[in-house]
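# requesting a structural model of the entry that follows:
(3 chains)
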Amino acid sequence: MDTGTLMFILSITIRSSTAVLFATLGEIFTERSGVLNLGVEGMMLMGALSGFAATFYSHSLLLGILTSLAIGGVLALIHGFFVITLRANQVVCGLALAIFGIGLSSFLGRPIIGRVGERFVQWPIPFLQEIPIFGPVLFNQNPLIYFSYFLVPAAWFFLYHSRPGLNLRSVGENPAAADTAGISVIRIRYLFTLFGGMLAGLGGAYLSLSYTPGWKENMTSGQGWIAIAMVIFALWNPWRAVLGALLFGGINALQFYFDARQFTLIPSYILRMLPYLFTIAILVIITRWKTVRKRAGAPAGLGLPFQREEHF
Amino acid sequence: MAQTVIRMEGITKRFPGVLANDRIDLEIEPGKIHALLGENGAGKTTLMNILSGRYKADEGEILIGQKPAKFNSPRDALESGIGMVHQHFMLVPNQTVAENIILGLSAPRFFLHQAKVEREVEKLSETYGLSVDPRATVDELSLGQQQKVEILKLLYRSAETLILDEPTAVLTPSEIEELFATLKNIAKEGKSVIFITHKLEEVMEVADRITILQRGRVVAHLTPEEVESRRELARLMVGREVVLKVEKEPVPTGEVVLELRDCSGFDERGHQAFHRITFAVRKGEILGIVGVAGNGQSELVAAIMGLRPMSSGELLVLGRPLRKGASPPRESVGYVPEDRIGMGSLSNLDLVDNLILTSYPQFCKNGFFRKDTVRKEVGGLLPKFHIIAPDTYALARQLSGGNLQKLILARELSKGPKLLIAEQPTHGLDIGATEEVWFELLKQRETAGILLVSGDLKEVLSLSDRIGVIFRGRLMDIFSTEDEDWIEEIGPLMAGVRQERKR
Amino acid sequence: MKLTLERRLVPSKFAAWGGVGFSILLALIMGGLVFLGAGANPFKAYAVMCLGAFGDFYNVSEVLVKAIPLILCGLSIAIPAKILVWNIGGEGQLAVGGIGSAAVALFLSPFLPPPFVLPTMIVAGFLAGGLWASVAGFLRARMGVNEILTTLMLNYVAIYWMENLYFGPWRDPTGTGFPGTAIFPEAAWLPRFPQTRIHLGLVFGILAALVLQWAFFRTRWGYEIRVIGENPKAARYAGMDITRHILWVMFLSGGLAGLAGMAEVSGIHYRLQQGLTVGYGYVGIIVAWLSRLNPMAIIVVALFLASLLVGGDQLQSVMHLPSAVGLVLEGTLLFFVLGSDFLARYRIKLSIKSKEQPRVEQKAGGIEQRASS
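Sure, this is the predicted structure:
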């Protein structure tokens, strides 16, 4: 394989991983606060649709992004309300949100299927993109991808080296302790559930405003669910999330490559299955690794509603 | 050094079905250690939760100096200088000591200056004699050290009034001495210390002032000089003469029902929990294993019951060796677990479902389950064991702690087991319920051998024929309760100090 | 004015079911708003839906037709949910069940005496779905791998596999271009009630619900399931083998979904074709939860949701509104039911706070919810 092809594959890897990366990062923050939001697929689709629709009608990419953030956030807040305030079952609520989002996006998206709107184009960064091999791969991409380069280290620093990050981590690990320390568990959970939804919406918008682009029913093809799996794989850590997303993107890139070169060795329907089988594989690996190493992973308070003053 | 007196006046607090605090008046002086004494359920923790801002009183007020104080959260109380160390520590396990200490503070605002905080914590620990490594992760620390972190948290926030809820429950005797020394240091600095306990001896050793609560009301404010004897304190606490000794009839011992040979096992984190344990229990006797919580007893019991794997050693139940990973038969082995609600009962199911939990196979012939028939069969257990409940349709969560324990006992004992394992059977129960439970356990000796695992020395001494002390997963020694010399050694043994056998 | 939340000692059954009723009302109102938003008259839209579902004999029969897979998929989700195991793989298991029974119909039936074909297909469909779910079940039971994600991933795998089959090796040789296998021989057709498309699958569904309802309360298995669902720790304390239960429950669950697949393939389409998987696996989640995991209630709820779907279809043809509105209504309904669940477990108390301490109005002090601080 020559370097040109390698760079092509690496570049596609990065592009294919970004949507999942956004959604995974968002869900990491949500789960770190102790809230499980399974509705990511629905939020991504609604984000994709609303972002594309806003851009299509207003001709403004910025408005599209903002809309997708808002819609993703609103959906997440609904989930948050039911789950945090009303203490509903987090699994069912998240699934309901997903179903709702999938259905609603199909319903509302009919009119603009297949339309063509503005899209993010590549902005090559002058000096950086000259670096051999990795230059064009990393620095000849679109602005959303550059944003992800910034987001990951920012997320890491925030989580482990800042006061709000410390608060977030303790709310997820031991909400009673955080509450006693005077931290508002409720507020943090709402805040980071919202944040997670916004990122999921952004991930969707990335697909409709850059990757695909355009709107198609169910265009995320399960990337929302895959993101949830990636959170586990990442052990709730932003850097590992990058690893997981890149692995996923890599599989996608290989798919493209094989398809393009028409390798008949692996039938195309098996190629299409690969991302999902791969997700199962990494789930198995990481679960066994966790058991063997006995390292905790999930924030201890994940999925449990928080109540003070529970007697007997 | 603050010189303010804190007053609680007319504090009343109600919970569904119970009046926890009834018009309580309390005065806390600076520079003194104030003991809040009372039986379980007397309302001490509730009262202090109100003082520390965790709960809100329904009536009454708190005055600091002469000014009324309103706390909407523990944070408000801390700002007024009042902080509480709870029985269950409020620490985040996978974070460092330093991170735990600065949790919830408004400064540093954004960037955590971890190195600076660590230095400050070190200085503070030296001042008060609380040695803890600020860089250590909390889940690596012993319970005694975790308690130090909790105290440091309050001192770091310049708390002037420190409340400790049953602080000695998880400490070895030497750690208890360390704690008392620390508290005296803190009081010397002019701060107030409030100390919730139900242990009379501690009160006499360290308190400057004593307030006794009984069923939500104050029954006495005393100083140690005014107290004539521990008996008198006990009477004030409970309201009647407390029997400090238990009548035990001798029962002949029979065959071995439980035997452990060289058994070892690990805990959840992979550390060695118990090591080369060997002992045997015979029908007709109670073998008591006593030790401070966290020394391997829970893992040992779990391993015997097949809930955790044993890494090596032989286990024989009712004479038959148990394979690795197998469980003892629930029909002939009764187990009263420490965790009544989380393990021993089904909160949201009714009493019938609960009463057959460990014996249901005999009620389900051929795989069929006829609940109405079963209900008739087990309904008689309620009156027989004095369980107070409207009927068998009640849910387990509606029972009080004492009644729930009696339910579990009823279930385990009515199976007619040959081996009974009882873990902390009277934990959290009042004197009346405790007496009933002890009575049932003693009666069971006629048909079974009993393994009693408890941290309550008084209980183990009263009930057991033989006692074993467990420390750091090792069985220090086993001896008969008749042997007076060894009884004196139990304290040191619980702390790991072995002595030569006196002749 | 202050709102206090007080946990009820015993969850209120009245509030639970009343909440469902109230939620239905709220969902209908929400739906009306959605119609308005889409530029349609809500009353007209609902009228069309009602007529579409109940207007004439054929429409009612169509509701029953759509209810069949909903009952089976609802049961498929409800059973593992009782022990807090979530099988979201209904779609995939349905597809695999379709594959299994199609295999029998297309390749085995020439060698079987006609009366044996359908029973074999039933077994094949059940087994195929059961085994497919068991992959996730095994991973969960033995290795603790999150079954929500594995069953979901397997959905995609199953659907791609199925598509490959009817686009590829199993493609209808007489090829009308419509993606699907050849039509099954008549021995492989599930009998229908005359003049309708209601097939024997309805009997499967109702029978399964009855059997399961009976089993939950009258068998040892049922008792064990109830205990595990209530408190897994206590279940292990009682010596129950949770791993074995998870495995069997997932197999049973997948089998029911597989049965749904068999029923669709053999009762409606008479072939394995595109359009087999239309989301019954997901709607099944809604059915299961609205029924509070009660098998008899599942039948009723399935009928109700089926009528929403059928009515929704009518909307598409009569008023040109996307039929997905049915799904949207159902999602909304689920949310409202989730919300009403809360009322069953908690009591809301309004109290007037004044300078002096509150009087008798304030009942035994509650759990004070700090909404923010």
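# which parts of the stretch 201-312 of chain A sit against chain C?
With CB under 8 Å from any CB of the partner chain as the criterion, the stretch 201-312 of chain A meets chain C at residues A:221-222, A:225-226, A:228-229, A:232, A:267, A:269, A:272-273, A:276-277, A:279-280, A:283-284, A:287-288, A:291, A:307-310. In this view, the C-beta of every residue, glycine as well, is placed from N, C-alpha and C.
# correct me if wrong: A:G301 contacts A:G34.
Yes: if you go by CB atoms under 8 Å, A:G301 and A:G34 touch, sitting 4.0 Å apart.
# between these two, which contacts overlap?
Any residue near both A:G301 and A:G34 by CB atoms under 8 Å, 6 or more residues apart in numbering or on different chains counts here, and that gives A:171-172, A:175.
# any idea how far B:I6 is from chain A?
Between B:I6 and chain A the distance, using CB to the nearest CB, to the nearest Å, works out to 20 Å.
# strands of the chain, residue ranges please.
You didn't say which chain, so I picked chain A. In chain A, strands defined by DSSP state E lie at A:123-124, A:140-141, listed in chain order.
# not what I meant, chain C
Secondary structure of chain C by DSSP E: the strands cover C:2-7, C:346-351.
# quick check: mean pLDDT across the last one?
Right, strand C:346-351. Averaged across strand C:346-351, pLDDT comes to 67.
# burial of the closest residue to C:F54 other than its chain neighbours, as a residue count?
Taking CB to CB, 6 or more residues apart in numbering or on different chains as the measure, C:F54 lies nearest to C:V60, with 5.7 Å between them; neighbours along the chain are not counted. By the measure other CB atoms under 10 Å in any protein chain shown, the count of residues near C:V60 is 17.
# right, and C:V60 touches C:A53 too?
Yes: taking contacts as CB under 8 Å, C:V60 lies within contact range of C:A53: 7.4 Å.
# which residues touch B:G319?
B:255-257.
# and the buried ones among those, selectable in PyMOL?
To isolate the buried members of the contacts of B:G319 in PyMOL, using 16 or more other CB atoms under 10 Å in any protein chain shown:
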select buried, chain B and resi 256+257
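# among the contacts of B:G319, which one lies nearest to A:P124?
Minimum distance to A:P124 across the contacts of B:G319 is 80.0 Å, recorded for B:V257 (CB to CB).
# circling back: and the buried ones among the shared contacts of A:G301 and A:G34, selectable in ChimeraX?
Of these, the buried ones can be selected in ChimeraX as follows, counting by 16+ other CB under 10 Å:
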select /A:171,172,175
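# next, the contact list for residue 175, please.
No chain was given, so I picked chain A. The contact partners of A:P175, taken as CB under 8 Å, 6+ apart, are A:34, A:185, A:301, A:306.
# was after chain B, sorry
Under the criterion of CB under 8 Å, 6+ apart, the contact partners of B:E175 comprise B:G144.
# now do B:S454
B:288-290, B:422-427, B:460.
# who's more crowded, A:G301 and A:G34?
Residue environment comparison for A:G301 versus A:G34 gives the larger neighbour count to A:G34, 30 against 24, counting by other CB under 10 Å.
# do I have it right that that one meets A:R189?
Yes: the pair A:G34 / A:R189 is scored as a contact, 6.2 Å apart, by CB under 8 Å.
# give me the neighbour count for residue 85.
Picking chain A for this. Other residues near A:T85 number 17, with proximity taken as other CB under 10 Å.
# let's do chain C instead
Applying the criterion other CB under 10 Å, we find 24 residues in the vicinity of C:V85.
# cool, and the one 4 residues further on?
When counting by other CB under 10 Å, one arrives at 33 neighbours for C:G89.
# local confidence estimate at the residue lying closest to it once chain neighbours are set aside?
Setting aside the residues directly before and after it, C:G89 is nearest to C:T151 in space (CB to CB, 6+ apart), at 3.1 Å. What the model reports for C:T151 is a pLDDT of 96.
# hmm, C:A133 and C:T151 touching each other?
Yes: with contact taken as CB under 8 Å, C:T151 and C:A133 are classed as touching, separated by 6.9 Å.
# common neighbours of these two, please.
Listed contacts common to C:T151 and C:A133 are C:87, C:89; contacts here mean CB under 8 Å, 6+ apart.
# show me where pLDDT drops low in the chain?
Let's take chain A. Within chain A, the ranges that satisfy pLDDT under 70 run A:1, A:292-297, A:307-312.
# can you look at chain B instead?
For chain B, residues meeting the criterion pLDDT under 70 lie at B:1-3, B:17, B:40-41, B:228-247, B:269, B:484-485, B:487-489, B:491-492, B:494-503.
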